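Enquirer: Show me the folded form of this:
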Amino acid sequence: MSTAGDSKVHHPGAWIEDARYMDVVVPEDVRQVIIGRGGALYVWVSVHGRGCMCTALLEASTSPPPRLPLSFRRVRQDGFDLYVEADRRHWPGTLELALRGRGRKVRAFWNGQAWVG
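Expert: Residues are numbered from 1 along each chain as shown. Below is the predicted model of the structure:
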């Protein structure tokens with residue numbers, strides 16, 4: 001939970017699977033951007049490379065990813081819907097959201113990292 005002066009809002013206990021919890025850290029400015037762009041955030045894993053040279057990155061967008069055959073599970077947050085990739089068996093203990101770049105793109109971080117680990 002947030003404290004006085006803390007701009008981050010923690011949402012402990014977001015259900016991902018029947019017995020899996022994930023803490024979601026959403027700063028107020030990120031929450032406002034998501035709400036202003038339609039009230040939904042999609043988060044999925046994108047794999048780059050082949051074989052043992054693969055890198056898995058966490059992607060986020062306020063619109064569904066185009067041309068990807070993914071299904072999503074809705075996780076209700078304070079003021080918006082978070083959609084996480086439904087086929088993932090493993091999700092981080094903490095999913096942190098932040099704004100990056102001039103376009104204020106919403107980014108998601110897996111236990112503080114941009115890559116999946």
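Enquirer: Do I have it right that V24 meets L82?
Expert: Yes: using Cβ atoms under 8 Å, V24 is in contact with L82, at 6.6 Å. In short, each C-beta sits where N, CA and C put it, glycine included.
Enquirer: Kindly state the beta-bridge partners for D23.
Expert: Beta-bridge partners of D23, counted by DSSP bridges, are T94.
Enquirer: how close does it sit to D78?
Expert: To D78, D23 is 14 Å away according to Cβ to Cβ, to the nearest Å.
Enquirer: next one: R37
Expert: Counting by Cβ to Cβ, the gap from R37 to D78 is 16 Å.
Enquirer: burial measure for P69, as a count.
Expert: The local packing count at P69 equals 6, with neighbours defined by other Cβ atoms under 10 Å.
Enquirer: and it, that's in a helix?
Expert: No: looking at P69 with DSSP: H, G, I helix; E, B strand; the rest coil, it is coil, so not inside a helix.
Enquirer: what's the spacing between it and L58?
Expert: The span separating P69 from L58 equals 18 Å under the rule Cβ to Cβ.
Enquirer: Over to W91?
Expert: Distance from W91 to L58, counting by Cβ to Cβ: 10 Å.
Enquirer: For L99, list each beta-bridge partner.
Expert: Going by DSSP bridges, L99 forms beta bridges with V106.
Enquirer: Pull the contacting residues for it.
Expert: 27, 29-30, 33, 105-107 (Cβ atoms under 8 Å, 6 or more residues apart in numbering).
Enquirer: Now do the same for it: its pLDDT.
Expert: Here the pLDDT value assigned to L99 is 96.
Enquirer: Over to W15?
Expert: The model's pLDDT for W15 equals 45.
Enquirer: same thing with G39?
Expert: G39 is given a pLDDT of 97.
Enquirer: could you check the distance from the residue nearest to W44 when sequence neighbours are not counted over to R100?
Expert: Counting by Cβ to Cβ, 6 or more residues apart in numbering, W44 lies nearest to E85, which is 4.1 Å off, once chain neighbours are set aside. The gap separating E85 from R100 is 20 Å, by Cβ to Cβ.
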